[in-house]
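Chemist: give me the fold of what follows.
(2 chains)
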Amino acid sequence: MRVSQYPYVAAFLACQTLFAQHVHPMSTTGAGPGTLPVMVDGSKNPQSIPDALAYSHFFTAIAAHPSPTPQEQGRQNAQLALLQLADADSAALTGLLAKFRVQLDQIESNFAAGTGPSSLASLQTQKSASVATIRASLQQALTPAGLNRIDQYVQTRVKTHIVIYGGKM
Amino acid sequence: MRHLRSLEVMIAALLLSAAPLAAQCTPVFSFSVYNDGSVSADGSTMYGYTSTEDSSTLCSCSHSGYTAVAAVYDPNGTMLGESEQSGFSSSVSELMDGVSGNYQSSGGGVAFCSCLNGYFGGGGTIYYVAVTCPTTISLAGTQSLPLANAYPSSKTGVGIMATMQVASGSLNGSLVTESLTGTNSCPAGVANACVGGSTFTVGPGSPYNGAGTVFGTSYSGAGNNQFLDQHTFTSSGDVLSGQTSAYSCQQTCTQTYSACGTSIGGFNLTYTFTHSSLSGTPVTSIGVTKVHQ
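Modeler: As a prediction, the model looks like this:
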């Protein structure tokens, strides 16, 4: 039996497994010990998820390295299939996302090396800028139909799979 | 008067002391988690992926030690696999077991907060990924694609359009893959027809399943729980040129269909190449038979 390296992760996964024993017609939100309160549940209020945040999650989840591992390539192919893009649009998207992945690795590496509040603020700023750049590049590289498919996917699928947690520390 | 002046001084002092309080930074958590799942084109592998973002207002606090987790479950709720990765994203891939149903994806993230002196995080929402897995397959019908309709663009060809039927249940949208192996008794230089490895999507609304025309012959579209599989071979030249009239040779293929990583049926394909003529021009006509094993 595998034991989680992170006690907190193990706690909320254990909680989640309890939920997984039942069949629900919709998503269910587990609340493990120490889990922050839910501020916005995208499955209920997708309009309350900011576009910039949704695109940031989407790019982070779907991006693969310029020379991806078979697992990484397989994961991205499965994700791209959901978008049903034309071949040229799909190639343009994966090319831009490969650049994003490289930038993200660098940003996160810099963050890991730093400490303190300014380090996280710098991470947020740099990542937001990188996401904005990729979005602008997509406008130039993809067909209107391709852009529309991606935006529809982000608005209707990605946002409904995001939960924002929060509260005072 | 003296008391009033003292009160004014006290109020002013309070206002002055309140100003720094109002400007004080209040640390607030804002941590978002995205999770989703998807299935590989051949229906054999399920992927789960998680990304997290920390947009908290930290003030003098610091956050560190980020970990993201992604997990996938089968329709019974049994965990197929999970992956914990340091940083802000994680993904997991696991082979599926050929069972139809609502597969599940979940994930979350945690990090250490210096002000809490402990971990915080979020996640655990379960999202469903509907997967339908055909378990049997049969040949619903075939339509011949004669060389005469493709001539003179092609002087070798063509074959059949097969309509395949999967069961059981409502399976439109399901994915079926094929693998092919074969033998070739034709002369050297005649390419092997037993090649390829397509992925088919079941149902009339899926690409390539509509009615159309191929190599000059019109064909019907697929119905519910059906897909079209084209078995053809063409060349602009006569691949059996140099052979006597009526010479024939065969290529045989074993075709195996799979869904959700499990074999659902096998067929024997036979391509018969016959040297003949059309309008006095030497050609190679090809007939194809397809039989369930």
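Chemist: please tell me how far the closest residue to chain A within the stretch 1-150 of chain B sits from B:C115.
Modeler: Residue of the stretch 1-150 of chain B nearest chain A, by C-beta to the nearest C-beta: B:G124 (2.9 Å). No exception for glycine: its C-beta is placed from N, CA and C like everyone else's. To B:C115, B:G124 is 23 Å away according to C-beta to C-beta, to the nearest Å.
Chemist: which one of those two has more residues nearby?
Modeler: Neighbour totals were compared for B:G124 and B:C115, and B:G124 leads with 29 against 14 (other C-beta atoms under 10 Å in any protein chain shown).
Chemist: how close does the more buried one sit to B:A130?
Modeler: Taking C-beta to C-beta, one finds B:G124 at 21 Å from B:A130.
Chemist: what of B:G261?
Modeler: Taken as C-beta to C-beta, the span from B:G261 to B:A130 is 17 Å.
Chemist: the more surrounded of the two?
Modeler: Remark: of B:G261 and B:A130, B:G261 carries more neighbours, 17 against 11, as counted by other C-beta under 10 Å.
Chemist: spatially nearest residue to that one, not counting backbone neighbours?
Modeler: Spatial nearest neighbour of B:G261, chain neighbours left out: B:S44 (3.6 Å); criterion: C-beta to C-beta, 6 or more residues apart in numbering or on different chains.
Chemist: can you pull the contacts of that neighbour?
Modeler: B:S44 makes contacts with B:95-96, B:177, B:258, B:260-261, as judged by C-beta atoms under 8 Å, 6 or more residues apart in numbering or on different chains.
Chemist: again, only this time at 10 Å
Modeler: By C-beta atoms under 10 Å, 6 or more residues apart in numbering or on different chains, B:S44 lies in contact with A:74, B:95-98, B:175, B:177, B:258-262.
Chemist: what helix or strand does B:N224 sit in?
Modeler: B:N224 is part of no helix or strand, with elements assigned from DSSP states H and E.
Chemist: tell me the contacts of it?
Modeler: Counting by C-beta under 10 Å, 6+ apart, B:N224 has contacts B:165, B:170-172, B:202-205.
Chemist: just the buried ones out of those residues, please.
Modeler: B:165, B:171-172, B:202-203 (16 or more other C-beta atoms under 10 Å in any protein chain shown).
Chemist: now, these that are in strands?
Modeler: Members of the buried ones among the contacts of B:N224 lying in strands (criterion: DSSP state E): B:Q165.
Chemist: I'd like the buried ones among the contacts of B:N224 as CSV, with pLDDT and distance to chain A appended.
Modeler: Formatted as CSV, the buried ones among the contacts of B:N224 follow (pLDDT from 0 to 100; distance: C-beta to the nearest C-beta, whole Å):
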residue, pLDDT, distance to chain A
B:Q165, 98, 24
B:L171, 90, 18
B:N172, 89, 16
B:V202, 91, 15
B:G203, 91, 15
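Chemist: verify the contact between B:M46 and B:S105 for me.
Modeler: Yes: between B:M46 and B:S105 there is a contact under C-beta atoms under 10 Å: 7.8 Å.
Chemist: find residues that contact each of the two.
Modeler: Joint contacts of B:M46 and B:S105 (C-beta under 10 Å, 6+ apart) are B:37-38, B:72-73, B:92, B:129.
Chemist: lowest-confidence entry in these?
Modeler: Lowest-confidence member of the shared contacts of B:M46 and B:S105: B:V129, scoring 90 (pLDDT).
Chemist: which residues touch that one?
Modeler: B:V129 sits in contact with B:36-39, B:46-48, B:72-73, B:75, B:101-105, where contact means C-beta under 10 Å, 6+ apart.
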